[in-house]
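Visitor: quick one: sequence plus predicted model below, questions after.
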Amino acid sequence: MSEFKFHTLETAPEGSKAILEGAVAQMGTIPGLYAVMAESPEILTAYTQLHQAFTATSFNAEELTVVWQTINVEHECHFCVPAHTAIAHSMEVDPALTEALRNSEAMPTAKLQALHDFTLIMVRQRGNATDAQLEAFYAAGYAPKQVLEIVLGLSQKVISNYVNHVAKTPVDDMFKPFAWTKKA
């Protein structure tokens with residue numbers, strides 16, 4: 001069995017170097033997820049573009065966090081739950097919200113609960129939401145645009161969650177304070 005390589009700026013394929021250099025400039029390091037994905041410049045590029053696109057959607061910081069963490073927790077991603085907890089803190093999201101998401105507890109508002117519930121529907125039912133489920137989501141204040149934006153966020157998270165699962169990406173030091181395991 002071959003092991004996944006964790007690339008550095010020196011070992012990364014040419015097509016991945018600019019993104020890795022950007023990560024170092026922004027975060028001071030290459031996150032383990034990027035180090036693994038660097039093996040395929042195409043997946044690293046796709047992931048970073050999906051991240052940029054998702055953060056530009058109509059969702060505010062709390063809503064982005066709800067979508068990301070709902071998916072991360074459902075997929076039991078040992079790397080992304082701590083990483084997105086740190087990201088939520090940097091976006092000044094209420095720590096009570098991030099803890100509720102990490103622990104599969106109720107959301108602080110009905111609208112965020114509807115977003116959480118509908119995101120789970122999209123994951124668990126593989127996009128096969130019923131008319132009644134869509135209507136409940138719309139009744140909470142969302143629209144078809146946000147359904148599509150959840151699909152975008154889900155696309156991003158499938159890439160990172162699945163890569164972290166197969167590569168067994170260790171949690172980076174900067175995310176270790178937010179280490180997570182799913183409660184039984």
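Guide: In hand now; what should we look at?
Visitor: look up how far residue 28 lies from residue 3.
Guide: 26 Å (C-beta to C-beta, to the nearest Å). Every residue, glycine included, has its C-beta placed from N, CA and C.
Visitor: brain fart, residue 134
Guide: Residue 134 is 43 Å from residue 28, by C-beta to C-beta.
Visitor: more neighbours: which of those two?
Guide: residue 134 (15 against 8; other C-beta atoms under 10 Å).
Visitor: quick one, what contacts the nearest residue to the more buried one once chain neighbours are set aside?
Guide: Of all residues not flanking residue 134 in the chain, residue 147 sits nearest, at 7.1 Å (C-beta to C-beta, 6 or more residues apart in numbering). By C-beta atoms under 8 Å, 6 or more residues apart in numbering, the contact set of residue 147 is 118, 122, 129, 134, 137.
Visitor: which of the helices or strands spans residue 147?
Guide: Element membership for residue 147, per DSSP states H and E: helix 144-167.
Visitor: what residues of that helix count as buried?
Guide: Residues 146-147, 149-150, 152-154, 156-157, 159-161, 163-164, 167 are the ones in helix 144-167 that count as buried (16 or more other C-beta atoms under 10 Å).
Visitor: again, but for stretch 57-73
Guide: For stretch 57-73, burial by neighbour count (16+ other C-beta under 10 Å) applies to 57, 59, 61-73.
Visitor: so where's this protein uncertain?
Guide: 1-2 (pLDDT under 70).
Visitor: what about the helices in it?
Guide: In the chain, the helices defined using DSSP state H lie at 14-27, 32-37, 41-55, 61-74, 80-90, 95-102, 110-124, 131-139, 144-167.
Visitor: for the third one, name the packing helices and strands.
Guide: Right, helix 41-55. helix 14-27, helix 32-37, helix 61-74, helix 144-167 (3 or more C-beta pairs under 8 Å, 6 or more residues apart in numbering; DSSP states H and E).
Visitor: same thing but at 6 Å, please
Guide: helix 14-27, helix 144-167 (3 or more C-beta pairs under 6 Å, 6 or more residues apart in numbering; DSSP states H and E).
Visitor: could you dump these to CSV with distance to residue 7?
Guide: CSV is the format used below for the helices and strands packed on helix 41-55 (distance: least, C-beta to C-beta, whole Å):
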stretch, distance to residue 7
helix 14-27, 7
helix 144-167, 12
